[in-house]
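> pasting a predicted model and its sequence here:
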Amino acid sequence: MAIDTAKADPGEAREDRPRPRRLVGSRLGALILALNLLSLLILFVGALALNEWRRGLIEARQDALTAQAELLAKVLGDRDATQGVPYPALDPYEAGLVLRDTFVPRNQRARLYDADGALVIDSYEVSDTIPGRPLEPALPAGSPPAEVDPEQTRRESARLEEARRALAGEVEAALTGEPQAQLRRSESGDRVVSVSIPVRHVEQVLGVLTLEAADVDEILAAQRAALMPFAIVALVVSLFSSLLLHLFVARPVMRLSAAADSVRLAQTRAISLPDLEERRDEIGDLARSLETMTRALSDRMEAIERFAADVSHEIKNPLTSIRSALETLPLVKAEAQREKLTALLQQDVRRLDRLITDISNASRLDAELARDRPRTLDLAALLTDIVDVYQTSPKPGDVPLELTIETPGPTRIIGRDGPLGQVLRNLIDNARSFSPPDGSVRIILDRLNEASPLLRIRVEDDGPGIPEENLETVFQRFYTSRPKGTVFGTNSGLGLSIVRQIVEAHGGEVRAENIVDPESPDRVAGARFTVTLPPRA
């Protein structure tokens with residue numbers, strides 16, 4: 001018995017571990033985002049809390065100064081600190097006594113202005129303790145005078161002028177009868193909390209009392225000191241997150257890069273980093289993907305090497321026969337023998353041409369599968385078209401084809417009509433080559449079972465069947481065993497190998513089996529090739 005077969009790449013089929021699918025987010029991405037946001041959150045919370053504290057302190061300071069100034073303004077508005085009837089005015093002497101006898105804290109300054117905005121009393125002038133900066137030590141006798149920086153003098157003059165304008169504007173606004181409160185710069189350049197309260201006698205505004213608290217810079221310095229622990233914690237968190245990113249991201253990626261370079265330099269055939277492959281994040285996915293990819297490339301390289309060896313072996317056979325015939329041809333004198341050798345040469349040349357053509361088609365198959373994009377096609381329509389072509393252009397001696405479609409539902413799949421058509425033609429040609437002249441080839445399209453979505457194509461013949469030990473061997477590359485009477489060299493042994501390669505590329509499977517005669521279970525009634533395809537390959 002003889003069968004046209006094709007050789008599949010030997011080796012164990014290895015199932016890739018399924019990659020975990022994450023519905024929401026990414027573990028590694030979430031870790032990176034959380035660690036970086038944590039440090040920013042610490043700074044944000046600290047700054048927000050301290051800003052609220054600073055605002056609260058300043059507002060509390062303004063409220064306290066306002067209450068104190070209102071009390072002093074009420075005292076100053078009494079008749080004891082005023083003079084003149086019926087148009088009273090502030091009495092500078094009595095007002096000075098009031099400010100002198102009133103306790104004004106060291107870090108506060110009180111100033112009294114008359115109704116015209118002129119300064120009447122300054123607490124720094126009537127107080128025994130006038131806060132100020134310590135003077136620089138005196139120069140030794142005979143020392144030259146210190147150099148004066150004109151630019152610094154100009155800046156100090158501008159700062160002083162700006163502070164005076166701000167104070168004058170506050171006093172002028174308070175003379176209208178509305179209390180004022182603001183944060184401004186004093187003549188010394190310090191930030192002060194200032195309130196200006198109108199001094200009234202009944203409804204008449206006699207002047208303005210201004211109170212200033214010069215401890216704002218101390219408050220801000222305390223605020224900055226309180227912010228430092230937050231900044232230090234944020235810095236530590238940032239450094240820690242950077243270290244984690246280096247350990248869990250940068251170093252594994254560097255190891256994967258080194259492993260990939262090792263594969264590129266042909267030091268190894270595949271990447272294998274078990275400690276990374278066990279990780280359940282993107283680095284683990286990348287390691288498993290690289291391992292799968294490099295193993296697939298290694299398997300492909302081994303398959304190419306085996307294919308090259310098989311091709312070399314198969315080509316040598318006809319070449320050896322041709323060389324032998326050519327060496328013998330000059331020695332043959334009889335015309336009949338010369339014609340016989342010539343016919344043998346022609347047969348070997350045809351065999352070699354057929355072999356090279358099939359090898360070329362097989363080597364281009366991967367590229368064609370990659371270029372031809374899958375699309376929706378009707379498997380029943382494809383089968384009908386192919387059978388119609390066979391039936392409309394029969395050759396002498398061809399056995400008839402019988403097509404049966406037994407599935408009432410849709411027969412659409414996602415695939416490539418060109419390669420799948422080649423699968424069907426190879427199977428039909430193989431079945432016809434084994435069927436006797438009075439036999440037939442039957443093509444049946446149905447489903448694996450009623451509940452299964454898998455589509456099944458069966459190609460049956462009435463030939464001698466397949467030996468049990470060759471049911472898998474028939475798919476090996478260059479394996480061929482033809483029935484008696486077949487013209488030698490017309491088959492290369494790649495047909496069924498190409499069938500399996502195309503079917504597996506579409507996510508299906510193909511298998512061979514014998515048809516048992518129902519009347520005589522011990523007798524084989526033919527061979528059957530079954531192709532199973534998913535509805536969406």
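All right, it came through fine. Numbering: from 1, shown residues only.
> which of the residues in the helix or strand encompassing residue 383 are buried?
Element membership for residue 383 (DSSP states H and E) is helix 379-392. With burial defined by 16 or more other C-beta atoms under 10 Å, the residues of helix 379-392 counted as buried are 379, 380, 382, 383, 386, 387, 390. Every C-beta, even on glycine, is put in place using the N, C-alpha and C of the backbone.
> ok, now stretch 411-427?
Residues 411, 413, 415-417, 419-424, 426-427 are the ones in stretch 411-427 that count as buried (16+ other C-beta under 10 Å).
> tell me the mean pLDDT over it?
If you average the pLDDT over stretch 411-427, you get 87.
> run a quick neighbour tally on the residue nearest to residue 287 when sequence neighbours are not counted.
Closest residue to residue 287 apart from its sequence neighbours, by C-beta to C-beta, 6 or more residues apart in numbering: residue 276 at 3.9 Å. Residue 276 is surrounded by 22 other residues when neighbours are defined as other C-beta atoms under 10 Å.
> shouldn't residue 276 be in contact with residue 253?
No - Residue 276 lies out of contact with residue 253 (C-beta atoms under 8 Å); the separation is 9.8 Å.
> okay, and the common contacts of those two?
Listed as contacting both residue 276 and residue 253 by C-beta atoms under 8 Å, 6 or more residues apart in numbering are residue 283.
> the helix or strand bottoming out on mean pLDDT in the chain: what's the following helix or strand?
Ranking every helix and strand in the chain by mean pLDDT, DSSP states H and E puts strand 3-4 at the bottom, with a mean of 40. For strand 3-4, the following helix or strand on the C-terminal side (DSSP H and E) is helix 27-76.
> go ahead and confirm residue 233 touches residue 42.
Yes - Residue 233 is in contact with residue 42 according to C-beta under 8 Å; the separation is 5.5 Å.
> the more surrounded of the two?
Set side by side, residue 233 and residue 42 show more neighbours around residue 42, with 20 against 15, by other C-beta under 10 Å.
> quick one: pLDDT of the more buried one?
Looking at residue 42, its pLDDT stands at 76.
> so what's it up against?
230, 233, 234, 237.
> ok, now residue 514?
Contact analysis of residue 514 by C-beta under 8 Å, 6+ apart lists 465, 466, 468, 471, 524, 526, 527, 528.
> quick one: average pLDDT of stretch 321-328?
Per-residue pLDDT values over stretch 321-328 give a mean of 84.
> kindly report the same for stretch 225-237.
In this model, stretch 225-237 carries a mean pLDDT of 79.
> how many neighbours does residue 289 have?
Residue crowding around residue 289 was assessed by other C-beta under 10 Å; the count is 16.
> need the three-state assignment for it.
At residue 289, secondary structure determined by DSSP: H, G, I helix; E, B strand; the rest coil is helix.
> gap between it and residue 74?
If you measure residue 289 against residue 74 using C-beta to C-beta, to the nearest Å, the figure is 83 Å.
> repeat for residue 325
Counting by C-beta to C-beta, the gap from residue 325 to residue 74 is 135 Å.
> these two: which is more packed in?
Set side by side, residue 325 and residue 74 give different neighbour counts by other C-beta under 10 Å, the larger being at residue 325 (19 against 13).
> looks to me like the more buried one is in a strand.
No - under the criterion used here (three-state DSSP), residue 325 is helix, not part of a strand.
> list the contacts for it?
With C-beta under 8 Å, 6+ apart as the criterion, the residues that contact residue 325 are 341, 344, 345, 348.
> got those as TSV, with pLDDT, distance to residue 163 and secondary structure columns?
Rendered in TSV, the data for these read as follows (pLDDT from 0 to 100; distance: C-beta to C-beta, whole Å; DSSP: H, G, I helix; E, B strand; the rest coil):
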residue	pLDDT	distance to residue 163	secondary structure
341	83	121	helix
344	83	118	helix
345	84	115	helix
348	81	112	helix
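> of those, which is the nearest to residue 123?
Distance to residue 123 across the contacts of residue 325 (C-beta to C-beta) is lowest for residue 348, with 124.3 Å.
> contacting residues around that closest one?
Taking C-beta under 8 Å, 6+ apart as the contact definition, residue 348 lies against 318, 321, 322, 325, 489.
> distance of the residue nearest to the third one when sequence neighbours are not counted relative to residue 327?
Excluding its sequence neighbours, the residue lying closest to residue 322 (C-beta to C-beta, 6+ apart) is residue 348, at 4.9 Å. Computed as C-beta to C-beta, the residue 348 to residue 327 distance reads 13 Å.
> what's the burial count for residue 171?
Considering only other C-beta under 10 Å, residue 171 is surrounded by 21 other residues.
> do you know the pLDDT at the closest residue to residue 288 other than its chain neighbours?
Leaving aside its chain neighbours, residue 288 sits nearest to residue 277 (5.2 Å; criterion: C-beta to C-beta, 6+ apart). We note a pLDDT of 76 for residue 277 in this prediction.
> would you check that residue 277 makes contact with residue 286?
No - taking contacts as C-beta under 8 Å, residue 277 lies outside contact range of residue 286: 9.7 Å.
> these two: which is more packed in?
Here residue 277 and residue 286 are set side by side on neighbour count (other C-beta under 10 Å), and the busier one is residue 277, at 19 against 16.
> measure that one to residue 253 for me?
Between residue 277 and residue 253 the computed distance is 14 Å (C-beta to C-beta).
> now the strands for the stretch 401-537 of the chain?
Counting by DSSP state E, counting those that start in this stretch, the stretch 401-537 of the chain forms strands over residues 401-405, 412-415, 441-447, 455-460, 480-481, 509-517, 520-533, given from the N-terminal end onward.
> my bad, the stretch 51-200 of the chain
Secondary structure of the stretch 51-200 of the chain by DSSP E, counting those that start in this stretch: the strands cover 82-83, 89-90, 108-114, 119-122, 180-185, 191-201.
> tell me which residues of the fifth one come out buried.
To tie it back to what came earlier, the one meant is strand 180-185. Along strand 180-185, these residues count as buried under the neighbour rule (16+ other C-beta under 10 Å): 180, 181, 184, 185.
> what does that strand rub up against?
Contacts of strand 180-185 with the rest of the structure, by C-beta under 8 Å, 6+ apart, involve 58, 62, 65-66, 159, 162-163, 166-167, 170, 173-174, 191-196, 216.
> so which of the contacts of residue 42 are in helices?
Secondary structure assignment by DSSP state H places 230, 233, 234, 237 of the contacts of residue 42 in helices.
> list the contacts of the residue nearest to residue 416 when sequence neighbours are not counted.
The spatially closest residue to residue 416, leaving aside those adjacent along the chain, is residue 372, at 4.5 Å (C-beta to C-beta, 6+ apart). For residue 372, the contact set (C-beta under 8 Å, 6+ apart) comprises 416, 418, 419.
> can I get those residues in a markdown table including distance to residue 309?
Putting the contacts of residue 372 into a markdown table (distance: C-beta to C-beta, whole Å) gives the following:
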| residue | distance to residue 309 |
| --- | --- |
| 416 | 29 |
| 418 | 29 |
| 419 | 25 |
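> residue 502 against residue 419, yeah?
Yes - in this structure, residue 502 is within contact of residue 419 by C-beta under 8 Å, at 4.5 Å.
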